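Peer 1: A structural model of the following input is requested.
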Amino acid sequence: MLIHEALSRTRMHEAQRAAAEWALARELTAGRRWEWLARFAARRAEHARAATAARHEAAAAARRPSNAY
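Peer 2: Residues are numbered from 1 along each chain as shown. This is a model prediction of the structure:
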């Protein structure tokens, strides 16, 4: 009976170790995913700022009086 208990205990420890490794891998993957998402959001925000600035500049240029005689 002791052999079966030892084998069961060993399997349980192996399963716990595998679960801990799996959890660590998921945590690292999630961190990479959030980093990617943050970079993506920053790029989108920069493009939106640039487009807004270009629109404001175009509108301001349209409002300026023309000196073409």
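Peer 1: Tell me which stretches of the chain form helices.
Peer 2: 2-63 (DSSP state H).
Peer 1: for it, which spans come out with low pLDDT?
Peer 2: Within the chain, the ranges that satisfy pLDDT under 70 run 67-69.
Peer 1: Nearest the geometric middle of it, what residue?
Peer 2: The centroid of the chain falls nearest to W34 when counting by C-alpha atoms, centre = their mean (2.2 Å).
Peer 1: what about it, distance to A41?
Peer 2: 10 Å (C-beta to C-beta, to the nearest Å). For the C-beta atoms, the positions are set from N, CA and C on the backbone; glycine is no exception.
Peer 1: swap in R63?
Peer 2: To A41, R63 is 33 Å away according to C-beta to C-beta.
Peer 1: Among those two, which residue is more densely surrounded?
Peer 2: A41 (10 against 7; other C-beta atoms under 10 Å).
Peer 1: so how far is L24 from G31?
Peer 2: 11 Å.
Peer 1: scratch that, P65 is what I was asking about
Peer 2: Counting by C-beta to C-beta, the gap between P65 and L24 amounts to 66 Å.
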